[in-house]
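Asks: Pasting the sequence and the predicted model now:
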Amino acid sequence: MTLRLYLPLAFDRSGAPDERGMRGSLEIHHQKVPRERRLWSLDGKRPAQFWNRDGELKLLLVLGSSDEPITLVINTTQRRADGRYAGEFHLLTPEVNLTGRLACEAG
């Protein structure tokens, strides 16, 4: 999986996502996922759930149709005061159920 995600935060210092939504893409590199369901644009979309508080950054993305949703859960904690986070992801599609480690940066 390759996730390219830019999610601007609201200017009110609440830590909430900006109303403009995300930019980026999710690409799934698994042979069991049909080619037409491997690349997803995140442009203008908003996360289904978002948590950014006390050094924890959590995100739930739901893509695709309600019949065959693709769900991505990101659960990270801040490792340093410089905005670096590390944690796990869980990708669930009708074809595969994957988990793994990830690192990201906020700032």
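Replies: Structure received.
Asks: Heading C-terminal from the worst-scoring helix or strand of the chain on mean pLDDT, find the next helix or strand.
Replies: Of all the helices and strands that make up the chain, the one with the lowest confidence by mean pLDDT, DSSP states H and E is strand 49-53; it has a mean of 87. In the C-terminal direction, the helix or strand that comes right after strand 49-53 (DSSP states H and E) is strand 56-63.
Asks: Paired strands for that next one, with orientation please.
Replies: Here strand 56-63 is paired, per DSSP bridges, with strand 49-53 (antiparallel), strand 70-78 (antiparallel).
Asks: TSV for the ones you listed, including distance to Ser25 and mean neighbour count?
Replies: For every residue, glycine as well, the C-beta is placed using N, CA and C. What follows is those, written out as TSV (distance: least, CB to CB, whole Å; neighbours: other CB atoms under 10 Å):
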stretch	distance to Ser25	mean neighbour count
strand 49-53	18	14
strand 70-78	12	18
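Asks: Let's have the ones you listed in a markdown table, adding distance to Ala86.
Replies: Compiled in a markdown table, the strands paired with strand 56-63 are given as follows (distance: least, CB to CB, whole Å):
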| stretch | distance to Ala86 |
| --- | --- |
| strand 49-53 | 15 |
| strand 70-78 | 6 |
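Asks: low-confidence ranges in this protein?
Replies: Across the chain, the stretches falling below the confidence threshold (pLDDT under 70) are 14-15, 107.
Asks: again, 80 this time
Replies: Of all residues in the chain, those with pLDDT under 80 make up the ranges 9-19, 80-83, 105-107.
Asks: For it, identify the residue most remote from the centre.
Replies: Taking CA atoms, centre = their mean, the residue of the chain most remote from its mean C-alpha position is Asp12, at 22.2 Å.
Asks: Lovely, talk soon.
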